[in-house]
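Student: Return a 3D structure for these sequence lines:
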Amino acid sequence: MKLMDFTGFALKNLFSKPATKNYPAEPAVYPERSRGHIEIDIDDCIMCGMCMRKCPSGAITVDRNKKEWSIQRMGCVQCSYCVDVCPKKCLTVKPGYTDPSAEMTVDTYAQPIPETPAGKVTNDMTKCILCGLCARKCPQECITVDRTGAKTWSIDRDKCVQCGACVDACLKFKALSMVEDDGEKGVVTLQKEA
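Tutor: Purely as a prediction, here's the structure:
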């Protein structure tokens, strides 16, 4: 009796379409909302490290000195937190997954190290209203604004990555701008005159 039950299933499967995909002979078609893998446009990256700090699995490494951005493909959980926090939007999620491998896959992308500095942020204190928006938008937290006491604006030149997020935040008053870098180091404080 059991043989007859199996015969029905065998005949049904014999004359029906295959349930599996013909992959890798045919390219995989990914659903619209599939996560895939993280891609970077290394030319737009400012090496701020926001993606590294937000990565829950610790799969991303940013080395500002060597201008290198690395991701452990098998450690990435495709949560896209890094894509959401990137101030320059140079990270994207592409359909498709990392090919399986017996070894840990680490992809490293490098930028050429510039011989001359890109520029530095300066503040025109006559236009600045000390709103603090530049400090809130800074991914490196290198700007501090004192509105109540001495009425000062400070920037730590050693931590600044010249991303321009603070300049973009100051569009209404245009107090901040990028100027040629003269090699100034340390914390620079500017005071608002009464």
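
Student: Alpha carbons of the helix or strand bottoming out on mean pLDDT in the chain, as CSV, please.
Tutor: For the chain, using mean pLDDT, DSSP states H and E, the weakest element among its helices and strands is helix 2-14, scoring a mean of 75. Provided in CSV are the C-alpha atoms of helix 2-14 (Å, rounded to 0.1, in the frame of the first residue of the first chain):
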residue,chain,number,x,y,z
LYS,A,2,2.8,2.4,0.8
LEU,A,3,4.4,1.8,-2.5
MET,A,4,1.3,3.0,-4.3
ASP,A,5,1.3,6.3,-2.2
PHE,A,6,4.9,7.0,-3.3
THR,A,7,4.1,6.3,-6.9
GLY,A,8,1.6,9.1,-7.0
PHE,A,9,4.2,11.6,-5.7
ALA,A,10,6.8,10.3,-8.1
LEU,A,11,4.5,10.7,-11.1
LYS,A,12,3.4,14.2,-10.0
ASN,A,13,7.0,15.4,-9.6
LEU,A,14,8.0,13.8,-12.9
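
Student: and the helix or strand that it is followed by, which strands flank it?
Tutor: Downstream of helix 2-14, the next assigned helix or strand under DSSP states H and E is strand 37-40. When sheet partners are counted by DSSP bridges, strand 37-40 sits next to strand 91-94 (antiparallel).

Student: Now do the buried residues in the partner strand.
Tutor: residue 91 (16 or more other Cβ atoms under 10 Å). For the C-beta atoms, the positions are set from N, CA and C on the backbone; glycine is no exception.

Student: now the strands for this structure?
Tutor: Using DSSP state E, the strands of the chain run over 37-40, 60-63, 68-72, 91-94, 106-110, 120-123, 143-146, 152-156, 176-179, 187-191.

Student: Can I get stretch 71-90 in PDB? Just the C-alpha atoms.
Tutor: Taking C-alpha atoms only, stretch 71-90 is exported to PDB below (Å, rounded to 0.1, in the frame of the first residue of the first chain):
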ATOM      1  CA  ILE A  71      34.700  45.200   5.700                       C
ATOM      2  CA  GLN A  72      34.700  41.600   6.900                       C
ATOM      3  CA  ARG A  73      32.100  40.200   4.500                       C
ATOM      4  CA  MET A  74      31.200  37.200   6.600                       C
ATOM      5  CA  GLY A  75      30.900  39.400   9.700                       C
ATOM      6  CA  CYS A  76      28.500  41.800   8.100                       C
ATOM      7  CA  VAL A  77      24.800  41.200   9.000                       C
ATOM      8  CA  GLN A  78      23.400  43.500   6.200                       C
ATOM      9  CA  CYS A  79      21.600  45.700   8.700                       C
ATOM     10  CA  SER A  80      22.400  48.800   6.700                       C
ATOM     11  CA  TYR A  81      23.100  51.000   9.800                       C
ATOM     12  CA  CYS A  82      26.300  52.100   8.200                       C
ATOM     13  CA  VAL A  83      24.500  53.300   5.100                       C
ATOM     14  CA  ASP A  84      22.000  55.200   7.200                       C
ATOM     15  CA  VAL A  85      24.600  57.100   9.200                       C
ATOM     16  CA  CYS A  86      27.100  57.900   6.400                       C
ATOM     17  CA  PRO A  87      27.300  61.700   6.200                       C
ATOM     18  CA  LYS A  88      28.500  61.700   2.600                       C
ATOM     19  CA  LYS A  89      26.200  58.800   1.400                       C
ATOM     20  CA  CYS A  90      29.100  56.900  -0.100                       C
END
